[in-house]
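>>> Provided below are the primary sequence and the corresponding predicted coordinates.
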Amino acid sequence: MDTEKALARVEELLKPFSKEITKPASNRLDAVVAPENLVEAVTVLTKENWGYLLTITGLDVPAPAPEGNEQAGENHVELLYHFGEGAAVATLRVSVPYSNLSVPSVCGVIPAATLYEREIMEMLGVVCEGTPNPEKLLLPDDWPAGVFPLRKEFTGFNKKPEEGEGV
């Protein structure tokens, strides 16, 4: 299937689950999906054999600065579920506010997503509800709870080396 046809097909498949669909490049399609529609959208892609899960990535997005007396919005995390079909890439964009950092797990549909979900939980603090293995993946066991190294607020621990330790 050529790229143009693949993108047309995935757009048709994702339209019922998307708030917005854009084409940021000739080989890409981005679909904004609400968290409650995520599993259903992934299920449709899988059942229709449209591509495969390339990766899941996350972005910590700060709230826009208030102008004048307007209230600032809330910080949020945007999760990007990238699927590939040949040269075509479809991305499901799911945004969750800091006040509700939770998405449903897609492991029931794509079991291999567990590694990505564990990374998201550990590095960004987003809970993947129903993930089969919520154990740490990358950080040491003694890493402090509630400290997420891929959030913009994390700037390190500002700990000075003890005498005799390396710099």
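That came in fine, so what should we check first?

>>> Can you tell me how far the residue nearest the centre of the chain is from residue 25?
In the chain, the residue lying closest to the centroid (CA atoms, centre = their mean) is residue 79, at 1.9 Å. Separation of residue 79 from residue 25 (CB to CB, to the nearest Å): 20 Å. Placement of C-beta: from N, CA and C, glycine included.

>>> my guess is the residue nearest to the centre of the chain contacts residue 103, does it?
Yes: between residue 79 and residue 103 a contact is recorded at 6.3 Å, counting by CB atoms under 8 Å.

>>> Report the set of residues contacting both of these two.
Residues touching both residue 79 and residue 103 by CB atoms under 8 Å, 6 or more residues apart in numbering: 94, 96, 126.

>>> buried residues in stretch 8-17?
Buried residues in stretch 8-17, counted by 16 or more other CB atoms under 10 Å: 9-10, 13-14, 17.

>>> nope, stretch 78-97 is what I meant
78-79, 81-85, 88-96.

>>> Likewise for stretch 111-126?
Per 16+ other CB under 10 Å, stretch 111-126 contains these buried residues: 113-114, 116-126.

>>> likewise stretch 39-58?
Those would be 39, 41-42, 44-46, 50-51, 53, 56-58, for stretch 39-58 by 16+ other CB under 10 Å.

>>> Give me the contacts around that stretch.
Under CB under 8 Å, 6+ apart, the answer for stretch 39-58 is 6, 9-10, 13-14, 17-18, 31, 33, 77-85, 88-90, 92, 104-106, 108-110, 112-113, 116-117, 119-120, 123-124, 126, 150.

>>> what's the straight distance from one end of that stretch to the other?
Using CA to CA, to the nearest Å, one end of stretch 39-58 lies 17 Å from the other.

>>> and what of stretch 36-52?
By CA to CA, the extent of stretch 36-52 from end to end equals 21 Å.

>>> Sketch out the low-pLDDT regions of this protein for me.
Low-confidence regions of the chain, defined by pLDDT under 70, span residues 1, 65-72, 159-167.

>>> Swap in 90 and give it another go.
Along the chain, the model assigns pLDDT under 90 to residues 1, 62-74, 153, 155-167.

>>> now the helices for it?
Along the chain, counting by DSSP state H, helices occupy 3-14, 38-47, 114-124.

>>> any idea how far the residue nearest to residue 135 when sequence neighbours are not counted lies from residue 84?
The shortest distance from residue 135 to any non-neighbouring residue, by CB to CB, 6 or more residues apart in numbering, is to residue 118 (6.9 Å). From residue 118 across to residue 84, the span is 22 Å (CB to CB).
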